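1. build me a model from this:
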Amino acid sequence: MILEMKVPSPGESIKEVEIATWLVKDGDYVEKDQAIAEVDSDKATLELPAEMSGVITLKAEEGDTVAVGAVVCLIDTDAAKPSGSAPAAEAPKAEAPKAEVKAEAPKAAPVQAPAATSYAAGTPSPAARKILDEKNIAPATVSGTGKGGRITKDDAVNAVPSMGTPTGGSRGTERTKLSMLRRKVAERLVSAKNETAMLTTFNEVNMTPINQIRNEYKDAFKAKHGGLGLGFMSFFTKAVTRALQLYPDVNSMMDGDYKIAYDFADISIAVSGPKGLMVPVVRNAELLTFRGIEAEIKRLALRARDGQITVDDMTGGTFTITNGGVFGSMLSTPIINPPQSGILGMHNIIERPIAVNGKVEIHPMMYVALSYDHRIIDGRESVGFLVAVKEALENPVELLMNGDAKRALEL
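-> This next block holds a predicted model:
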């Protein structure tokens, strides 16, 4: 029996996916539930498992965009499982076509030689001319591969601007197609810049109180909660959820002529994964304890790192926290994650001299930034929100732990 394998739906809003990588070759024998391909959607990279055991026939190439429900491969379930030596015996046959291609390659050169004298040589087609003009590349610098030396659309697409006169050393280039996820991220970032009235306000936080709590309780916290670390993210998440309750406009979104307000805080946490930026969501973060927040962030981060993040993990979110400080960033203006209206940027911690009660003291300081959509959030709310975050971080025992650090940390 020939089984048609179709692209499953990763989510309700996803209509197409891209074949990122085939993990098997055409004609391979696959086992049921074996991962045969990685497919990119505009939200995540997912593995495609074989539905049955048998010999596979691929119907799509790597990089192809296919609709959800389309057939991407066939599995012959009646085929017998080959012995271990079978693939090795077929290997020389697979090399034969490559040898023929190499043998014919020198014959192609004399055919194109007269084309240089053709009137069409170096003349771009209308589509190619438009692309070259957009790239600001002169047609004279492009070698045409079309009939009579004409510059085709593919020639224009593959053309790269001159990098100046080489003076030695390696000058190689590589052109790779962006994944569907990366293209979607790029589209959303440009959309956020173009379609929102984005503004950023800044403040600084004295991290001494949090450092003192972590130094005092992190070992006990790790021992009590199965190796779970007490990091900064739980403090920032608790401070953000408190500030969102004080300034609910920051926890709202634009929907045409309407404002949608939420009485819960689903916090999106920006993390860097092997496939690029991922933004999984911590649901109802306002109800979680420090331990609960740390456990959920760790779970989502591991799933993102291992490429196991799902569309549902990244769907929704009412506010985002991003931490550029892990890469050494001192200050930045984070971009809103649409359709959300606000994003908090954390940065690195640097010891700096500050004035404390009329005296100069050195403390670990962090700059924080809030980017917000000015269409729905006014200056009073945005500045007040960031000040509330600062106050909670600088007085965590009273404002985030109800005056009892050990109880808040479940020790």
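2. against which helices or strands is the strand or helix carrying Arg299 packed?
-> Per DSSP states H and E, Arg299 falls inside helix 290-305. In terms of contacts (3 or more C-beta pairs under 8 Å, 6 or more residues apart in numbering; DSSP states H and E), helix 290-305 is packed against helix 233-246, strand 267-269, strand 271-273, strand 281-282. Heads up, the C-betas are built off the backbone N, CA and C, glycines and all.
3. what are the boundaries of the helices in the stretch 101-250 of the chain?
-> 126-135, 153-158, 180-195, 208-224, 233-246 (DSSP state H, counting those that start in this stretch).
4. make TSV out of the ones you listed and add mean neighbour count.
-> What follows is these, written out as TSV (neighbours: other C-beta atoms under 10 Å):
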stretch	mean neighbour count
helix 126-135	15
helix 153-158	16
helix 180-195	15
helix 208-224	15
helix 233-246	23
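5. closest to Ser272 out of those?
-> For the helices of the stretch 101-250 of the chain, the distance to Ser272 is smallest for helix 180-195, at 11.8 Å, taking C-beta to C-beta.
6. hey, least reliable of the helices and strands packed on helix 290-305 by pLDDT?
-> Lowest mean pLDDT within those: strand 271-273, at a mean of 76.
7. and the following helix or strand past that one, which strands flank it?
-> Toward the C-terminal end, the helix or strand that comes next after strand 271-273 (DSSP H and E) is strand 276-278. Strand 276-278 pairs in its sheet with strand 271-273 (antiparallel), by DSSP bridges.
8. give the residue spans of the protein that score low on pLDDT.
-> Within the chain, the segments meeting pLDDT under 70 span 11-13, 42-44, 84-120, 162, 164-166, 274-275.
9. center of it - which residue?
-> The chain has Leu277 as the residue nearest its centroid, 2.5 Å off, counting by C-alpha atoms, centre = their mean.
10. state the distance from the closest residue to that one other than its chain neighbours to Val279.
-> Distance criterion C-beta to C-beta, 6 or more residues apart in numbering; nearest residue to Leu277, sequence neighbours excluded, is Val185 at 5.7 Å. If you measure Val185 against Val279 using C-beta to C-beta, to the nearest Å, the figure is 9 Å.
11. list of residues touching the helix holding Arg299?
-> Helix 290-305 has contacts (C-beta atoms under 8 Å, 6 or more residues apart in numbering) with 221, 225, 228-231, 233-235, 237-238, 269, 271, 273-274, 278, 280-282, 285, 288, 309-310, 313, 408-410.
12. packing partners of the very next helix or strand once past it?
-> The helix or strand immediately downstream of helix 290-305 is strand 319-323, counting by DSSP H and E. Applying 3+ C-beta pairs under 8 Å, 6+ apart, we find strand 319-323 packed against helix 233-246, strand 267-269, strand 342-346.
13. make CSV out of those and add distance to Lys147.
-> Output for those, formatted as CSV (distance: least, C-beta to C-beta, whole Å):
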stretch, distance to Lys147
helix 233-246, 61
strand 267-269, 53
strand 342-346, 53
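14. looking at those, which is nearest to Ser41?
-> Of the helices and strands packed on strand 319-323, nearest to Ser41 by C-beta to C-beta is strand 267-269, at 17.5 Å.
15. hmm, who's touching the closest one?
-> Here strand 267-269 has contacts from 233, 237, 240-241, 279-282, 285, 297, 300-301, 314, 317-322, 337, 340, using C-beta under 8 Å, 6+ apart.
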